[in-house]
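K.L.:
sequence first, then the predicted structure, then my questions.
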Amino acid sequence: MSAPTPAPCSPEDVRRVACIGAGVIGGGWVAHFLARGYDVTAWDPATDAEDKLRRLVGAAWPALEQMGLADGASQDRLTVTATLAEAVADAQFVQESAPEKLELKRSLLAELDAATPPGVVIASSTSGYPMTDMQPPHDAAATPQRLVVGHPFNPPYLIPLVEVVGGERTDAAAVEWSSRFYDVAGKSVITMDRELPGFIANRLQEALWREALHMVAEGEASVADIDASITEGPGLRWAFMGPCLTFALAGGEGGMAHMLDHFGPSLKSPWTRLEAPELDGALRDAMVDGCAEAAGDRTYADLVAERDQGVIDVLRATGRLGGDRR
Ligand SMILES: NC(=O)C1=CN([C@@H]2O[C@H](COP(=O)(O)OP(=O)(O)OC[C@H]3O[C@@H](n4cnc5c(N)ncnc54)[C@H](O)[C@@H]3O)[C@@H](O)[C@H]2O)C=CC1
Ligand SMILES: C[N+](C)(C)CC(=O)CC(=O)[O-]
């Protein structure tokens, strides 16, 4: 591996962030960085991207005001550029949020690497690809050592977690730099020392999702019942205590030891029973129809507002609103 290029500034000194790809997640990142007082440049090849982006940021702003804006934070600090090169020309950090297609990510990250000033860290929002599979190989021109995964959660302007992990050709200093940067930018960071499919949280979510799809495919439970089983049940605990400590309490004063001795054998069968279901047309239709039924007459905008207020209420109730803000 060639010598790492020193980052042009410390994470604390970053003022200009570029967001490449401005859909659900890229737009959410834009809203987050604006609310934290950064100057943001954004680029997205879709012809209607700027309108959609400004609408998304406008819809997120009331929630961000409730969360508390950084000094000087303003939607006016967003510049949407005509080209990728203009977006990254002066950037001190780049967040890529393009569609989850491996070949597209590969060529886009190579293009970003070529256009971004030396040493500036480039993070991908990918929800599952290992950076090793996406980063360009080492050659005279490429600098894959500054490429990391920074996996956010929807919406990135409200859900604190970012999972940070490098690939085989990533410099450890870039992982460390980006973890510190996200922390300074108000995120809650888990830094991983190895690549795992789905990272940590999606690996857990995917297990739950796999079972949900099985139940819908087999007609065993409705979409509404599956959602209620989490929001009225374990989801209430998970907002402040993770699944491991929660289950330690299931063992009473005997804790996790008693929980495993007591329930371990009976839980083993569901652990190993099912493979991923076939996502065929019938299952797709059942999920789409079930979600439409569960949403009722609430529009997409209604649901976004409801979700945003719900997350803020939970953050406030669990003492995670305010505190150490940028
Ligand atoms: N939607 C979600 O809940 C989450 C998604 N992610 C990840 O974020 C990334 C983006 O996903 P979404 O925002 O959901 O997708 P999206 O479909 O909402 O947005 C993708 C955007 O990328 C743009 N685009 C297309 N080609 C491009 C290119 N060559 N360069 C730059 N932009 C391009 C599209 O015009 C679109 O605006 C994916 O890697 C995904 O896995 C991560 C966490 C959660
Ligand atoms: C649906 N998704 C796999 C893209 C979701 C994520 O990656 C994280 C999230 O927001 O739950």
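P.N.:
Now that the structure is in, tell me what you want to look at. Residues are numbered from 1 along each chain as shown. Ligands and ions are numbered 1, 2, ... in the order given.
K.L.:
now for this structure, the helix or strand with the poorest mean pLDDT.
P.N.:
Every helix and strand of the chain was ranked by mean pLDDT, DSSP states H and E. The lowest is helix 255-272, at a mean of 78.
K.L.:
can I get that one in CSV, CA atoms only?
P.N.:
Coordinates of each C-alpha in helix 255-272 appear next as CSV, following Å, rounded to 0.1, in the frame of the first residue of the first chain:
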residue,chain,number,x,y,z
GLY,A,255,-29.5,-12.5,34.4
MET,A,256,-28.2,-13.8,31.1
ALA,A,257,-26.9,-17.0,32.6
HIS,A,258,-30.3,-18.1,33.8
MET,A,259,-32.0,-16.7,30.6
LEU,A,260,-29.7,-18.9,28.4
ASP,A,261,-29.9,-22.0,30.6
HIS,A,262,-33.7,-21.6,30.8
PHE,A,263,-34.6,-20.6,27.3
GLY,A,264,-31.6,-21.5,25.2
PRO,A,265,-32.8,-24.9,24.1
SER,A,266,-36.3,-23.8,23.2
LEU,A,267,-35.0,-20.7,21.2
LYS,A,268,-32.5,-22.7,19.2
SER,A,269,-35.1,-24.1,16.7
PRO,A,270,-36.4,-20.7,15.5
TRP,A,271,-32.8,-19.6,15.2
THR,A,272,-32.1,-22.2,12.6
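K.L.:
distance between the following helix or strand past that helix and the chain's centre?
P.N.:
Following helix 255-272 in sequence order, the next helix or strand is helix 281-295 (DSSP states H and E). Its chain's C-alpha centre and that of helix 281-295 lie 24 Å apart, by CA atoms, centre = their mean, to the nearest Å.
K.L.:
near ligand 1, which residues of the stretch 151-300 of the chain?
P.N.:
Contact residues (CB under 6 Å from any ligand atom) of the stretch 151-300 of the chain with ligand 1: 151-152, 154. Every residue, glycine included, has its C-beta placed from N, CA and C.
K.L.:
now, these that are in helices?
P.N.:
Nothing among those maps onto helices, per DSSP state H.
K.L.:
make a PyMOL selection of the buried ones in these.
P.N.:
To isolate the buried ones among these in PyMOL, judged by 16 or more other CB atoms under 10 Å, type:
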select buried, resi 151+152
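K.L.:
that older thread, need the residues that contact the least confident helix or strand of the chain.
P.N.:
244, 247-252, 254 (CB atoms under 8 Å, 6 or more residues apart in numbering).
K.L.:
name the SS class of whatever residue of the chain ends up closest to ligand 2, please.
P.N.:
As assessed by CB to the nearest ligand atom, ligand 2 sits closest to residue 127 within the chain, at 3.1 Å. Assigned state for residue 127: coil (three-state reduction, DSSP: H, G, I helix; E, B strand; the rest coil).
K.L.:
now swap in residue 18 and tell me
P.N.:
Taking three-state DSSP, the label given to residue 18 is strand.
K.L.:
tell me the contacts of the closest residue in space to it that isn't next to it in sequence?
P.N.:
Distances taken as CB to CB, 6 or more residues apart in numbering place residue 91 nearest to residue 18, at 3.7 Å, with adjacent residues excluded. By CB under 8 Å, 6+ apart, the residues touching residue 91 are 16-18, 41, 116-117, 120.
K.L.:
run the last query once more with 6 Å
P.N.:
16, 18, 120 (CB atoms under 6 Å, 6 or more residues apart in numbering).
K.L.:
close to ligand 2, is stretch 286-300?
P.N.:
No - in terms of CB under 6 Å from any ligand atom, no part of stretch 286-300 sits within range of ligand 2; the closest distance is 12.7 Å.
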